[in-house]
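Novice: Predicted model follows, preceded by the sequence.
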Amino acid sequence: MGMSVTSTEVPARVADRPHRIALMAFMVVVLAHWAEHLAQAAQIYVLGWPTAQARGVLGIPFPALISSEWLHYGYALVMLVGLFVLRKGFAGRSRQWWDLALALQFWHHIEHLLLFIQAQTGWRLGGAAVPTSIVQLIVPRVELHLFYNTIVTIPMVIAVVLHQRARAAA
């Protein structure tokens with residue numbers, strides 16, 4: 001005999017579908033972005049490329065992607081909004097991990113906002129020659145942004161795994 005589904009479970013699963021689709025699309029974008037940072041680090045530390053030539057995968061054919069503060073700030077903002085909007089679909093331990101990613105991304109967004117303001121105004125933090133974030137005053141940009149993307153992505157992945165396990169157990 002098949003498993004019976006109560007009338008209250010069907011609407012919950014149907015209502016959950018848009019969240020699952022949006023979450024998976026969001027995670028594909030997040031993981032692709034993280035892979036770009038990993039590729040850039042591999043180009044520098046494994047292949048020995050100069051930092052200026054290490055532009056990730058998409059940055060090689062499209063070098064403007066690397067230098068566009070509009071694009072970097074836009075991505076940081078999309079990440080922040082995505083984490084906030086998708087937050088309501090998480091509960092329990094998965095929500096705690098998702099909230100950690102949201103808090104970390106909020107700071108990452110502040111750093112990108114600071115870079116964006118400098119790129120638009122010509123003002124430079126600490127008298128630097130190029131737009132510089134607060135933590136970038138002590139950690140180089142490539143390594144810093146790989147770190148930021150890593151510490152935001154890992155709790156997101158943990159949250160999604162816990163979320164999927166809870167769904168499967170229900």
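Specialist: Okay, I see it.
Novice: Flag the shaky bits of this protein, pLDDT-wise.
Specialist: 1-15 (pLDDT under 70).
Novice: pull the longest helix from it.
Specialist: helix 9-45 (DSSP state H).
Novice: any idea which helix or strand comes after that helix?
Specialist: Sequence-wise, the next helix or strand downstream of helix 9-45 (DSSP states H and E) is helix 64-67.
Novice: Contact partners for the spatially closest residue to residue 163 that is not a sequence neighbour?
Specialist: In this structure, residue 163 finds its nearest non-sequential neighbour in residue 94, 4.0 Å apart by C-beta to C-beta, 6 or more residues apart in numbering. Heads up, the C-betas are built off the backbone N, CA and C, glycines and all. Residues in contact with residue 94 (C-beta atoms under 8 Å, 6 or more residues apart in numbering) are 158-160, 162-163, 166.
Novice: Could you identify which of the residues you listed has the most neighbours?
Specialist: Neighbour counts for those, by other C-beta atoms under 10 Å, peak at residue 159, which reaches 25 neighbours.
Novice: buried sites along the helix or strand hosting that one?
Specialist: Using DSSP H and E, residue 159 sits in helix 141-169. Within helix 141-169, the residues scored as buried using 16 or more other C-beta atoms under 10 Å are 142, 144-146, 148-149, 152-153, 155-156, 158-160, 162-163.
Novice: Just give the number of residues close to residue 61.
Specialist: Neighbour count for residue 61, taken as other C-beta under 10 Å: 8.
Novice: Could you measure from it over to residue 72?
Specialist: 18 Å (C-beta to C-beta, to the nearest Å).
Novice: Just give me the neighbour total for residue 22.
Specialist: So residue 22, with other C-beta under 10 Å, has 14 neighbours.
Novice: for it, what are its contacts?
Specialist: Going by C-beta under 8 Å, 6+ apart, the list of residues near residue 22 reads 85-86.
Novice: hmm, 7 Å instead?
Specialist: residue 86 (C-beta atoms under 7 Å, 6 or more residues apart in numbering).
Novice: Dead centre of this structure: give me the residue that sits there.
Specialist: Per C-alpha atoms, centre = their mean, the C-alpha nearest to the average position across the chain is that of residue 30, at 4.8 Å.
Novice: Could you check how far residue 58 is from residue 71?
Specialist: 10 Å.
Novice: Mind picking the two most distant members of the contacts of residue 94?
Specialist: The span of these, defined through C-beta to C-beta, is set by 158 and 166 at 12.6 Å.
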